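Visitor: A structural model of the following input is requested.
(one chain, ligands or ions: 1)
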Amino acid sequence: MYIQLFIFIATFLVGIILYFTCSFSVSINSFNSNKQGLKVLLVGGTHGNEPSGSHSLLVLQNLLKKGKLKLKSGKVTIIHNVNPCGYYFDNRHYSVIGKKMDLNRMYNQNFPINKKIEKLVNKHDLILDFHEGWGYIGQQKGSIGSSITTLNIPFKQQKEILDLLNKDITEIDKKWLINDMRFEVDDSLREYAMIRKKKYMLIETTGQKNVQPLHLRIKQNNIITTYLLKKYGVL
Ligand SMILES: [Zn+2]
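Guide: Numbers count the residues shown, from 1 in each chain. Next comes the predicted model:
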């Protein structure tokens, strides 16, 4: 009896501690060229079970920190771990204690992590939002894996990105596609960016449950980030 009560209280306390500490460990790093140019915000790890964006951004962050890559113009801000506890538990949600909390449904809701990101979105021109889908958009109905969804990014650039990504993919139904979904997901980062008329790209590798190896998904993310940063003269 006492043991059960102890376990209950201990779990509850750990939950409470995690709930508050998770939001403090989100890392935000800005790199400024001190020259006029595009301000780019890179956001990864919103869903903890979609890790490739986090890995890809962490590598870029380290290269910039060590000076191995230098910005030519504008500014880059990197948040590689929006949902550190979700990453640790390999879980989509920020919290599963009580109501499941999806951070990509928490914009404009006064939630601390999202509020930080909202302020950054307001100060940047282009937002890249890294996620991972459960399948292939060209293969399974309802899947958006291997797709990009954009706002205010020229079609030609989208097409060039797809060509780069698809160069080495031989199976037609596994090729990347443009997702032209018209419906909005309420209180998502995409909706927030749309209302503020930002350039925005939702990147969905095929990644959940390691459908494709992690190194391949990281490479796909890198191709997209590098293309856009170079296109806009930031790198
Ligand atoms: Zn996601």
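Visitor: for the rest of this, base every contact and every neighbour count on C-alpha atoms.
Guide: OK.
Visitor: read off the pLDDT value for residue 149.
Guide: If you check residue 149, the pLDDT there is 97.
Visitor: and if you look at residue 20?
Guide: pLDDT for residue 20: 69.
Visitor: let's number from 611 now, not from 1
Guide: Sounds good: first residue 611 from here, last item residue 630.
Visitor: residue for residue, what is the longest helix this protein has?
Guide: helix 612-634 (DSSP state H).
Visitor: contact residues of the protein facing the ion?
Guide: Within the chain, the positions near the ion by C-alpha under 5 Å from the ion are 657, 741.
Visitor: so, low pLDDT: which residues of the chain?
Guide: Counting by pLDDT under 70, the chain contains low-confidence ranges at 611, 628-630.
Visitor: OK, contacts around the residue of the chain found nearest the ion?
Guide: Closest residue of the chain to the ion, C-alpha to the ion: residue 741 (4.2 Å). Contact analysis of residue 741 by C-alpha atoms under 8 Å, 6 or more residues apart in numbering lists 654, 655, 656, 657, 660, 661, 662, 663, 812, 813, 814, 815.
Visitor: report the two of those separated the most.
Guide: Greatest spatial distance in the contacts of residue 741: 661 and 812, 14.7 Å, computed using C-alpha to C-alpha.
Visitor: can you give me the helices for the chain?
Guide: All helices of the chain, identified by DSSP H, fall at 612-634, 662-675, 694-698, 722-733, 765-776, 799-805, 824-841.
Visitor: more crowded one of residue 661 and residue 812?
Guide: residue 661 (26 against 20; other C-alpha atoms under 10 Å).
Visitor: now do the same contact list for the more buried one.
Guide: 654, 655, 697, 741, 742.
Visitor: could you do residue 730 as well?
Guide: Under the criterion of C-alpha under 8 Å, 6+ apart, the neighbours of residue 730 are residue 651.
Visitor: my guess is residue 760 contacts residue 810. True?
Guide: Yes. Contact criterion C-alpha atoms under 8 Å: residue 760 and residue 810 qualify, at 5.5 Å.
Visitor: what residues of stretch 665-672 count as buried?
Guide: 665, 666, 667, 668, 670, 671 (16 or more other C-alpha atoms under 10 Å).
Visitor: stretch 634-645 now?
Guide: Using 16+ other C-alpha under 10 Å as the test for burial, stretch 634-645 gives 636, 638, 641, 642.
Visitor: hang on, the earlier thing: is the closest residue to the residue of the chain closest to the ion other than its chain neighbours bridged to anything, and to what?
Guide: Computed as C-alpha to C-alpha, 6 or more residues apart in numbering, the closest residue to residue 741 that is not its neighbour in sequence is residue 814, at 4.8 Å. Counting by DSSP bridges, residue 814 forms beta bridges with residue 741, residue 757.
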